[in-house]
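A.B. asks: Curious how this folds, go ahead:
(one chain, ligands or ions: 1)
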Amino acid sequence: MKFTKPLSLLTGAALLLCSSVALANRFADVQVNATPLKDSVYMLTGAGGNMAAVATSDGVLLIDSQYAELADKIRAKLKTLSPAELTTLINTHMHGDHVGGNAALAANANIIAHANVKTRLSADNNFDRAGLPKTTISEKTTINHHGVEMVLEPMPASHTDGDLLIWFPKQNIVHMGDLMFQGRFPFVDTNNGGNVQQYIENTRYVISKIDEQTQVIPGHGELTNKAGLQKELAMLEQTLAIVTAAKQQGMTEAELIAKGLGDEFKAWHWNFITEERWIKTLYQAVN
Ligand SMILES: [Zn+2]
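C.D. replies: I've put the predicted structure just below:
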């Protein structure tokens, strides 16, 4: 009996060590890749939310920062696009897989985000202060990064209450952050101001603003376009209709989860937003 306490302490320390090793290894095999889109604009992928970069010879601008553990790989990839310094970072919203690398990558850069992102990150004691936004946006704002114009458009709360769309009018590109999960059920973060009906409304809004040639960078998934957004909108509308009708007919959430949304929606299921989780999100969103 007298060894019980030291042993359990040891076990705890060993577990802690194992979990931090697992965390570090989680990123060991991640590669950061850049896809040229138009002019000096690139889409970057690694782990977490899709990034974009404007890599001019006078300075580099980055949209979203994924995770601190990937900062060295992201920095190295940016250097292959332009030797210039990272001068500006824009965050599409406040989630950890989009802002986790803020301090590690951009402590010396201007960091721009929706005003609510600064409020929420400031309230998070675990968030490195060096990564807090320095410039906040609360209305549609045009910025010019060494000749590349971007329009930062705060959207009515839908994924969170701090979502920005980033438009490149001349290049006909839009970075949607997590207002678009390409090919998968979306995450609507109702604990941070998210709203399903507005998420659908914002999807319609973007579709109304783009044409067949627009390159659409989603927060997660592959580079897409108007057709991809229309497909997503159809899924959102259809699944919302299914859940609304079922709830009005008196079906419980558990019964609906057991029944499922139907085979045609299986392909949208993924490990983070499973079919069950999407049904729960919808069920709670409808009256
Ligand atoms: Zn997100």
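A.B. asks: buried stuff in stretch 86-103?
C.D. replies: Within stretch 86-103, the residues scored as buried using 16 or more other Cβ atoms under 10 Å are 86-103. C-beta coordinates here come from the backbone N, C-alpha and C atoms, glycine included.
A.B. asks: What score does the residue in the stretch 1-150 of the chain that the ion sits nearest to have for pLDDT?
C.D. replies: Nearest residue of the stretch 1-150 of the chain to the ion: His95, at 3.5 Å (Cβ to the ion). On the pLDDT scale, His95 is placed at 98.
A.B. asks: so of the buried residues of stretch 86-103, which ones are in helices?
C.D. replies: 96-99, 102-103 (DSSP state H).
A.B. asks: Next, give me the two most distant ones among those residues.
C.D. replies: Asp97 and Ala103 (15.0 Å; Cβ to Cβ).
A.B. asks: And the strands in this structure, which stretches?
C.D. replies: Counting by DSSP state E, one finds strands in the chain at the ranges 33-38, 41-45, 51-56, 59-63, 86-90, 110-114, 135-137, 141-145, 148-154, 164-168, 173-175, 215-217.
A.B. asks: Output the ones you listed in TSV; the columns should cover mean pLDDT and distance to the ion.
C.D. replies: As requested, those are arranged in TSV below (pLDDT from 0 to 100; distance: least, Cβ to the ion, whole Å):
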stretch	mean pLDDT	distance to the ion
strand 33-38	98	20
strand 41-45	98	15
strand 51-56	98	13
strand 59-63	98	13
strand 86-90	98	15
strand 110-114	98	12
strand 135-137	98	17
strand 141-145	98	21
strand 148-154	98	15
strand 164-168	98	12
strand 173-175	99	13
strand 215-217	98	14
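A.B. asks: burial count for Leu256?
C.D. replies: 20 (other Cβ atoms under 10 Å).
A.B. asks: check contacts around it.
C.D. replies: 243, 246-247, 279, 283 (Cβ atoms under 8 Å, 6 or more residues apart in numbering).
A.B. asks: Identify those among these that sit within helices.
C.D. replies: Among these, DSSP H puts 243, 246-247, 279, 283 in helices.
A.B. asks: who are the neighbours in contact with the residue lying closest to Phe187 once chain neighbours are set aside?
C.D. replies: If the residues on either side of it in the chain are set aside, Phe187 comes closest to Ile273, at 5.4 Å by Cβ to Cβ, 6 or more residues apart in numbering. Counting by Cβ under 8 Å, 6+ apart, Ile273 makes contact with 181, 184-187, 281.
A.B. asks: Same check on Phe187?
C.D. replies: Applying Cβ under 8 Å, 6+ apart, the residues near Phe187 are 159, 178, 181, 194, 272-273.
A.B. asks: now with 7 Å?
C.D. replies: Listed by Cβ atoms under 7 Å, 6 or more residues apart in numbering, the contact partners of Phe187 are 159, 178, 181, 272-273.
A.B. asks: What of Ser57?
C.D. replies: 82, 84.
A.B. asks: Can you read off the pLDDT for the residue in the stretch 151-287 of the chain positioned nearest to the ion?
C.D. replies: The nearest approach of the stretch 151-287 of the chain to the ion comes at Asp178, 3.5 Å away (Cβ to the ion). Asp178 is assigned 98 on the pLDDT scale.
A.B. asks: Pull the number of nearby residues for it.
C.D. replies: With other Cβ under 10 Å as criterion, Asp178 counts 26.
A.B. asks: for the residue nearest to Ile63 when sequence neighbours are not counted, what are its contacts?
C.D. replies: Leaving aside its chain neighbours, Ile63 sits nearest to Ala52 (4.2 Å; criterion: Cβ to Cβ, 6+ apart). By Cβ under 7 Å, 6+ apart, Ala52 lies in contact with 41-44, 63, 175, 217.
A.B. asks: Please report which of those has the highest neighbour count.
C.D. replies: Going by other Cβ under 10 Å, Ile217 tops the contacts of Ala52 with 31 neighbours.
A.B. asks: Looks like that one contacts Tyr42 (just checking).
C.D. replies: No. Between Ile217 and Tyr42 there is no contact, the gap being 9.9 Å when judged by Cβ atoms under 7 Å.
A.B. asks: How about the residues of this structure by the ion?
C.D. replies: For the chain, the contact set with the ion under Cβ under 5 Å from the ion comprises 95, 178.
A.B. asks: got a pLDDT number for Val21?
C.D. replies: If you check Val21, the pLDDT there is 58.
A.B. asks: should've said Tyr67
C.D. replies: Note on Tyr67: pLDDT of 97.
A.B. asks: pLDDT at the residue lying closest to it once chain neighbours are set aside, what is it?
C.D. replies: Once flanking residues are discounted, Tyr67 sits nearest to Gly100: 4.0 Å by Cβ to Cβ, 6+ apart. For Gly100, the pLDDT comes out at 98.
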